[in-house]
Structures are given as structure tokens and as C-alpha cells.
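S.K.: from the sequence below, what's the structure:
(one chain, ligands or ions: 3)
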Amino acid sequence: MTTEILKLEPERTEDDLSSLYSTVSDVLKDIKKEGDRAVSKYTLKFDKLQLEKFLLSKDEIENKIKNLNPKTKDLIDENITRITKFARFQLSMYRDMQIEVDGNETVLGQKIVPISSAGIYVPAGRFPLLSSALMGIIPAKVAGVKRIVAMTPPGENRPDIGVLYGIYKAGATEVYTIGGIQAIGALAYGTETIKPVDKIFGPGNKYVNEAKRQVFGEVGIDLLAGPSEVLIIADETANIDLVAYDLLAQAEHDIAARSCLVTTSREMALKLKNEMPKYIETLATREILRVSWKEKGSIIYCNNFDEALEYANNYAPEHLELHVSIKHREEAFEKLDNFGSLFMNQNTPVVFSDKLIGTNHTLPTNRASRYTGGLNVGAFLKVLTFQEVLGEVALKELSRRAFEQSKLEGLSGHAKSAELRAKLFKDIRINSGEE
Ligand SMILES: NC(=O)c1ccc[n+]([C@@H]2O[C@H](COP(=O)([O-])OP(=O)(O)OC[C@H]3O[C@@H](n4cnc5c(N)ncnc54)[C@H](O)[C@@H]3O)[C@@H](O)[C@H]2O)c1
Ligand SMILES: N[C@H](CO)Cc1c[nH]c[nH+]1
Ligand SMILES: [Zn+2]
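M.R.: Ligands and ions are numbered 1, 2, ... in the order given. Model (predicted):
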């Protein structure tokens, strides 16, 4: 292996993780026990606000969003249209269906139903992420979820009017101003004033992400979509300005956001290592960037393209951008398997999918793309199976085989259940008057 590390993020320490674990579990326990009182207590502690109520009424929302300028409304409406189009396309791949087996005597099938209620977390600590509202609520609506509960942090200029317009227009049925761990706890366990939901969706910072991980089981969660990440594979054909700003576009989300350049150009690797501080100073988000680049930025030089691909597959980033020749692009598409979303050429930056291209921007982080893709309409659906035995020949055969296997496993109740079926066969089709 000839990979050379020019800059590597420091390893995370175990201590960080265990203190995060206990902070989150303490807050969640309290919310489960004390409900609204605990939500207020932690809103004061973490968001520095004393709130009497969390629900925003329809009138309050409509009053606020009427002040949004028409140009911004148009921008949001257009984004809603594009994101809806892709979510509907995804929905078209889910359908009720059945097959007949055992010479048409047995039916096996699946029935697609939406979950009843979804909690959508809309991050707004550092930046009010309007697009995260759309990415969660639109697929829920397209899937047919009836109760869609949006939660977003309170604070100065929060909820931002644009975010509120997006939440409302996309179709949330309840909106609460609760952020962080408190929001995830309230959605999972419910409180005196908030009904729990069946599944929680949406990205967030390390507290939100850990809270989702801890409530999983008691409720469903979509995936772990924590602090943003980007990995860029660049060869000698790449444009260094595009590479630098695309790394910084994700690194500016959070001091915990990760950015990584993997390149086969040693010249570019060295240049970027020296010049990144200059690029950082050109952006208004420089304070966050100085930290995230120092702590979580990396530059890896590989002396052949195969190694670059191997490094990227092992890193398993949230976003993966290709700034490479056409020949390399084809090879990369074939060999890359671990990414939340892939950006195929230098004309297709992450910012497009972050906001509006139409694919979902809620994506796996922290190497979770090894085992899952990003949020999609299927996460709001349940694929339920059913089966029906109609004929005597199939029943006898199934009964015999199930009986034998139950005996092998030592499950006598199962064996009895199977055995009885063959003895007490009832012809459903004849009895119900069917052919
Ligand atoms: N992976 C994805 O798909 C994706 C998509 C969009 C955004 N993101 C990420 O979402 C995150 C948004 O983070 P954010 O912080 O701006 O907003 P956020 O809404 O996720 O978190 C803000 C909340 O965090 C809580 N909080 C802050 N400090 C705390 C502390 N010390 N202890 C306990 N709770 C605390 C507060 O209650 C606050 O309301 C970023 O990391 C961004 O990269 C990820
Ligand atoms: N890059 C984020 C996902 O990691 C999504 C986003 C929304 N707005 C801006 N960026
Ligand atoms: Zn982004």
C-alpha cells in the first residue's frame, strides 16, 4: 500500500463517547418520568429559554408565515415539487402483490401500508435547516402517513419563518418548538401534552443522533444521520477551488463535521494542505471551519486510483464526490459501494442535493453507509406479508413438513398445531361458495 497521509483527523477518544452516552440517557430518563416538566427544564438548560408551551397553533403558524416574501415562498415551493417528484418515483417501486405456489393451492403475498405517525426532527441549532424539514415531511406525506409531527429548536429567530413555511407547506400536522435530546425524548415517550409517535426521522447534531440511537426499540428510527461528512476523490483533472469549497461546504455545518480529500495528485494534496487556511478565511463560517478542518479534516494521497477507491470504501462517507476523468468515473461507479449519496462529476456538488436536486439529503454518517442508504419513502412504509392455504394437497404436505421440523427443534406445541391442521382440513373455497 503506497497511501500517504498528509493530514489525518485525530482519533476520537472513548471518554467523549461515554460522557455523551450518559448525558443523553440522563435527559431521556427524566423526560420519560417527568414529561412536559422535564422538557421545559432541559429547554432552559440547553436552549436558554423558559417556555410555557411548545405547540404552535395553526393560527400562530399562518400569522408568522404570511410575512415571508413571495420570492422565498416560490423557491421553497419549487423545491417541494422536485423532492415530491423523486419521493413519488420511489413509492412506485412499492406495491401490493401476491403469488400462487403449490400448484395454485397456496397464496403468498405482501401488502404495503404507511406507518401511522412520524416524528420529523428539523435541526436548527447553528443554522435553520429548511431543507431538512422538506426531506423528512415530504416522503412521509407521499407515503400516506396521517400524523406528521415536526419538532425544531426554539430560540432567537426560531423557528425561522422560512423553516416554518416549509414545515407547514410540506404537510406537517403538528409543530412543536423543542430541540435536541428533549425533542427525541418527547417524540419517543410522549408527555402530558404530546402524543408519542411510531417512528422518528431526521438528522441532527451528536446529541440528537445519540438520543435517536438510545430510544430505538421503544420507537422506530430512520437511520443515524449525525454531523455532516464529505469525501472527495480527485485525480489530476480536478479543479482545486471546487474541491476546496466542496470540502468546506460540509465542514461548515458543525465543529464535528468531517471532510476528507483522497487524491492521486500529490501536487494537489500538498497545495491544499498549505492553502486550506486561506480558503477558510474567505468564508463567513470560518470560526466553525477552523475547528472542524483542524479536528476532522484529512488529506490522503494515493499513488494509484484503485487505492483511492479502497480508501473511500473503507471510510464509508455520507457524501462522496468524484472530481475525476470520465474513465475514472466509470471505474469508480462500478467499485464504490459505501456512501450515503454519490456525486458523479464536478458539476454536481453536494449542495444541490442538500437543497433541491430531488434526492433525499438525510444520509448515514459515522460509517453507517456500510449497512444502510439514506432516508427514502420506504422508511415510512411497512411491507407486511400474508399467506393463505386453500387446497387439501398443499395443506397435507405443509402440515407434514412443519410437523417434522417442529419435532427436530423440540417444539411440541408447533408440531401439534401443524398435525391438527391436516386432520381437520376444511375446504374454505367450497364452504364459502367459491369455485
Ligand atoms: N447526516 C445528515 O443527513 C445531516 C443533514 C442535515 C444536517 N446534519 C447535521 O445536523 C446537525 C445540526 O446541528 P445543530 O447543532 O446545528 O442543530 P440541532 O437542531 O441538531 O441541535 C440543536 C440542539 O442541540 C441541543 N444542545 C446543544 N448543546 C447541547 C449540549 N451541550 N448538551 C445537550 N444538548 C445540547 C439543544 O437543545 C439544541 O436545541 C449538524 O451536525 C449537521 O451536520 C446532518
Ligand atoms: N449537508 C447536510 C447533510 O449532511 C444537509 C444540508 C441541508 N442544508 C445544507 N446542508
Ligand atoms: Zn450541507
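S.K.: how about the strands in the stretch 51-200 of the chain?
M.R.: Under the criterion DSSP state E, counting those that start in this stretch, the stretch 51-200 of the chain contains strands at 55-56, 97-101, 106-114, 117-121, 147-151, 174-176, 199-201.
S.K.: of all those strands, which lies closest to ligand 1?
M.R.: Closest to ligand 1 of the strands of the stretch 51-200 of the chain is strand 117-121 (C-beta to the nearest ligand atom; 7.2 Å). Every C-beta, even on glycine, is put in place using the N, C-alpha and C of the backbone.
S.K.: can I get the strands of the stretch 51-200 of the chain in a markdown table with mean pLDDT?
M.R.: Conversion of the strands of the stretch 51-200 of the chain to a markdown table gives the following (pLDDT from 0 to 100):
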| stretch | mean pLDDT |
| --- | --- |
| strand 55-56 | 98 |
| strand 97-101 | 98 |
| strand 106-114 | 98 |
| strand 117-121 | 99 |
| strand 147-151 | 98 |
| strand 174-176 | 98 |
| strand 199-201 | 99 |
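S.K.: these: which one's closest to T285?
M.R.: For the strands of the stretch 51-200 of the chain, proximity to T285 was assessed by C-beta to C-beta; strand 117-121 is nearest, at 22.2 Å.
S.K.: now the angle between strand 147-151 and that closest one, please.
M.R.: 20 degrees (axes from the mean of the first three to the mean of the last three C-alpha atoms, to 10 degrees).
S.K.: quick one: contacts of strand 117-121?
M.R.: Contacts to strand 117-121, defined as C-beta atoms under 8 Å, 6 or more residues apart in numbering, come from residues 132-133, 136-137, 140, 145-152, 172, 183-184, 187-188, 195, 197-204, 208, 212, 219, 380.
S.K.: near ligand 1, from these?
M.R.: 132, 203-204, 208 (C-beta under 6 Å from any ligand atom).
S.K.: list only buried entries from those.
M.R.: Buried subset of these (neighbour count, 16 or more other C-beta atoms under 10 Å): 132, 203-204, 208.
S.K.: circling back: which among the ones next to ligand 1 among the contacts of strand 117-121 are in contact with ligand 2?
M.R.: Answer for these near ligand 2 (C-beta under 6 Å from any ligand atom): S132.
S.K.: isn't E78 right up against I357?
M.R.: No - E78 sits out of contact with I357 when judged by C-beta atoms under 8 Å, with a separation of 11.8 Å.
S.K.: the two: which is more packed in?
M.R.: I357 (18 against 11; other C-beta atoms under 10 Å).
S.K.: need the contact list for the spatially closest residue to that one that is not a sequence neighbour.
M.R.: Sequence neighbours aside, R82 is the residue nearest to I357 in space, at 7.0 Å (criterion: C-beta to C-beta, 6 or more residues apart in numbering). Counting by C-beta under 8 Å, 6+ apart, R82 makes contact with 356-358.
S.K.: likewise for L44?
M.R.: Neighbouring residues of L44 by C-beta under 8 Å, 6+ apart: Q50.
S.K.: give me the element it is part of.
M.R.: helix 36-47 (DSSP states H and E).
S.K.: buried residues in that helix, which are they?
M.R.: Buried residues in helix 36-47 (16+ other C-beta under 10 Å): 36, 38-43, 46-47.
S.K.: restricted to helices, list the contacts of strand 117-121.
M.R.: 132-133, 136-137, 140, 183-184, 187-188, 208, 212 (DSSP state H).
S.K.: most widely separated two among the residues you listed?
M.R.: Farthest pair in those (C-beta to C-beta) is A133 and A188. Separation: 19.7 Å.
S.K.: between those two, which one's more packed in?
M.R.: Each of A133 and A188 had its neighbours counted (other C-beta under 10 Å), and the higher figure belongs to A133 (32 against 25).
S.K.: what score does E229 have for pLDDT?
M.R.: Looking at E229, its pLDDT is 98.
S.K.: what is the burial count for it?
M.R.: 29.
S.K.: so how far is ligand 2 from it?
M.R.: The spacing between E229 and ligand 2, counted by C-beta to the nearest ligand atom, to the nearest Å, is 7 Å.
S.K.: who in the stretch 301-435 of the chain is up against ligand 1?
M.R.: Neighbours of ligand 1 within the stretch 301-435 of the chain, by C-beta under 6 Å from any ligand atom: 318, 361-363, 365.
S.K.: now I232, what's its secondary structure?
M.R.: For I232, the assignment made with DSSP: H, G, I helix; E, B strand; the rest coil gives strand.
S.K.: who's it bridged to?
M.R.: L261, E321 (DSSP bridges).
S.K.: list the buried residues of stretch 126-135.
M.R.: Neighbour-count burial for stretch 126-135 [16+ other C-beta under 10 Å]: 128-135.
S.K.: my bad, stretch 355-364
M.R.: For stretch 355-364, burial by neighbour count (16+ other C-beta under 10 Å) applies to 355-357, 359-364.
S.K.: between which two of the residues you listed is the distance greatest?
M.R.: L356 and P364 (20.8 Å).
S.K.: shaky segments in this structure?
M.R.: Across the chain, the ranges flagged by pLDDT under 70 are 1-2, 11-15, 430-435.
S.K.: pretty sure D354 contacts T362?
M.R.: No - D354 sits out of contact with T362 when judged by C-beta under 8 Å, with a separation of 10.4 Å.
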